[in-house]
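> predicted model and sequence follow; I will ask about them next.
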Amino acid sequence: MAGTARAASAPRGTTARRTSGRDGFFGVPERFMRPRVVFIAVTAVIVAFGLLMVYSASSVTALADFGDAAYYLKRQLLFAAVGVPVAVFFAWSDYHLWSDRLINLIWVVTVGLLLLVFITAGDAYGATRWIAIGGFQLQPSEFAKITIVLVAASLAQRYFEEGTIDWWTFVKLMAIGVGVPVVLIVLQPDKGSTMVLGITIVTMGYLAGVPKRILAAFLVLGVLGFLGLSLKDDYSRQRLLTMLNPESDPYGAGYQLLQGFYAFGSGGLFGVGIGFSKQKYSYLPMAHNDFIFAVIGEECGLVGTLGLLAGFALFAWAGFRIALHAPDLAGRLIAAGCTTLVVIQMLLNVAGVIGIFPLSGKPIPFVSYGGSSVIASLMLAGMVVSVSVHSRLPETAHDGARRSLRVTEGDAADAGLSLVGEPLPRSARGVDAGRAPRLTVMDGGARGRAAGRGRGRPAGRVTTDARGRRRVDLGPDAAERRRGRRGPRGRR
């Protein structure tokens, strides 16, 4: 069997070298592994930076209120310790489990939590958004965003790719599966989450192939709805007026925004240094939460704020690269939707803090203090990684041919191609009718030749010269075929 071993080892070695050329890291193709590593790494860096800034921004307030400068840091670490295992579980599990098999149960639980807000929650800052559970304030709208992305991706998969539902069924199911949770979020009211969800749904619709005129109409209705919600009550209207002219009420409605401006002005280009902020000494309200970006600007300067934005830009690049290589439409929309949710919420917070958009009360994902925000953001990241982990290279014709490789000890006459052993003319190579020829590795060496001589191999066009040497007649060469039987032709 030495000939068989040598014959089998060469193709396997060739296949292994070819596979290693396609694989990037740990046996995973580079197109999958590179954005996955970047995505996980940048998420970990942003979370770590957020923990540092939460401690810096909240230490003075925590020491004054609780006698422990690390009070908010400890709670944020606890939230992260809960969120990271959940994210790992989401990344390990198949995203089809959540977007297909369990989607109905997830939707029912989400709607139940959103309804529970109106029954048990109290009013805070003009909104009813939180449920108190054992000393922990749960904000269902943060987790409802994940459900809405899963529902939208599942329905788009069924209509655009599988074709199992028609257009009007798709519209009806979207109105129920997406519209009902969004309406419940609007009624809290939570205009920030509504806006983030609206932009995310439009992005997913564009990627899924929804007609552009429908998306444009949806955007127009969304803008009109936002203006209506912003002007319907005094609290929301005051936020819009404060954005336009915060100096009109510097010690009232415009106080927080102006203190944020002072923080940016104090930071300059490189900042005053982490831990040396002056605005966090009870001058800037919500310094560790909604306005943590202002503290970053004061302590880390313009360079620090741009660095944070660059980190989220890298997060977006990796997330959309994962979406690009997802194995199906549902995976593409889940990865793109979760990435869009995080990035748009970050931009909404930053735009409000620098005064170019009304304050929304939405925290910066991974960075601002808040249990629901950190856990929900990590769940979104885990869902994106799940899409990457369960992505596969598309099947090619070469993959099918590679699977047809086999090692046999049979007669060379039964093979489609002879690689070793005695010369075999084409006329003597047997190919089964009705079956495509396969690449077959035959026994080689003296043993194979000895076995082959006694099996009555068809002679084919085999000739013997004057010295007794056997030769295979391959027929006339190209020049002889062009001359024909009458010999060479000359010009006339």
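Nice, thanks for sending it over. Just so we're clear, the structure is a prediction, and the values are computed from it rather than from any experiment.
> got a pLDDT number for Asp68?
At Asp68, the model reports a pLDDT of 89.
> roughly how far apart are it and Arg332?
Look at Asp68 and Arg332: by CB to CB, to the nearest Å, they are 46 Å apart. Bear in mind the C-beta positions are built from the backbone N, C-alpha and C, glycine included.
> which of the two has more neighbours?
Neighbours were counted for Asp68 and for Arg332 using other CB atoms under 10 Å; Arg332 has more, 25 against 12.
> list the contacts for that one?
207, 323-324, 326, 387 (CB atoms under 8 Å, 6 or more residues apart in numbering).
> of the residues you listed, which is the most crowded?
Busiest of the contacts of Arg332 [other CB under 10 Å] is Val387, holding 30 neighbours.
> who are the packing partners of the helix or strand containing that residue?
According to DSSP states H and E, Val387 maps onto helix 371-389. Secondary-structure packing of helix 371-389 (3 or more CB pairs under 8 Å, 6 or more residues apart in numbering; DSSP states H and E): helix 30-66, helix 71-92, helix 95-96, strand 136-138, helix 140-156, helix 292-324, helix 329-353.
> residues in contact with Gly297?
Residues in contact with Gly297 (CB under 8 Å, 6+ apart) are 263-264, 267, 271, 304-305.
> excluding chain neighbours, what is closest to Ala80?
Val374 (5.9 Å; CB to CB, 6 or more residues apart in numbering).
> so that neighbour sits against Gln76, correct?
Yes. With contacts counted by CB atoms under 8 Å, Val374 reaches Gln76, the gap being 6.8 Å.
> Ile103 versus Leu348, what's the distance?
27 Å.
> so for the two, which residue has more residues nearby?
Leu348 (23 against 19).
> from Ile199, how far out is that one?
Applying CB to CB, the value for Leu348 to Ile199 is 9 Å.
> hmm, Ser230 is touching Pro358, no?
Yes. With contact defined as CB under 8 Å, Ser230 counts as touching Pro358 (6.6 Å).
> any stretches of the stretch 251-400 of the chain with poor pLDDT?
For the stretch 251-400 of the chain, applying pLDDT under 70 flags the ranges 394-400.
> between the helix holding Val387 and helix 292-324, how big is the angle?
Between helix 371-389 and helix 292-324, the angle comes out at 20 degrees (axes from the mean of the first three to the mean of the last three CA atoms, to 10 degrees).
> what comes up buried for helix 371-389?
Judged by neighbour count (16 or more other CB atoms under 10 Å), helix 371-389 contains these buried residues: 371-389.
> please save the CA atoms from it in CSV.
Output of helix 371-389 as CSV, limited to C-alpha atoms (Å, rounded to 0.1, in the frame of the first residue of the first chain):
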residue,chain,number,x,y,z
GLY,A,371,-27.9,49.4,32.6
SER,A,372,-30.5,49.0,29.9
SER,A,373,-28.4,50.9,27.4
VAL,A,374,-25.2,49.0,28.0
ILE,A,375,-26.9,45.5,28.1
ALA,A,376,-29.0,46.3,25.0
SER,A,377,-26.0,47.6,23.1
LEU,A,378,-23.9,44.5,23.9
MET,A,379,-26.8,42.4,22.8
LEU,A,380,-26.8,44.2,19.5
ALA,A,381,-23.1,43.7,19.1
GLY,A,382,-23.5,40.0,19.9
MET,A,383,-26.2,39.7,17.2
VAL,A,384,-23.9,41.2,14.6
VAL,A,385,-21.1,38.8,15.6
SER,A,386,-23.6,35.9,15.3
VAL,A,387,-24.2,36.8,11.7
SER,A,388,-20.4,36.8,11.1
VAL,A,389,-19.9,33.5,12.9
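> wait, which of the contacts of Arg332 is closest to Leu219?
Of all the contacts of Arg332, Leu207 has the smallest distance to Leu219: 15.3 Å, by CB to CB.
> which parts of the stretch 151-300 of the chain are helices?
167-174, 180-186, 191-208, 212-231, 234-244, 255-267, 292-324 (DSSP state H, counting those that start in this stretch).
> reformat those helices as CSV; add distance to Val86.
As requested, the helices of the stretch 151-300 of the chain are arranged in CSV below (distance: least, CB to CB, whole Å):
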stretch, distance to Val86
helix 167-174, 27
helix 180-186, 20
helix 191-208, 20
helix 212-231, 31
helix 234-244, 33
helix 255-267, 32
helix 292-324, 18
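> the ones you listed: which one's closest to Ala48?
The nearest among the helices of the stretch 151-300 of the chain, by CB to CB, is helix 292-324 at 10.9 Å.
> starting at the chain centroid, how far to that closest one?
Distance, stretch centre to chain centre, for helix 292-324: 18 Å (CA atoms, centre = their mean, to the nearest Å).
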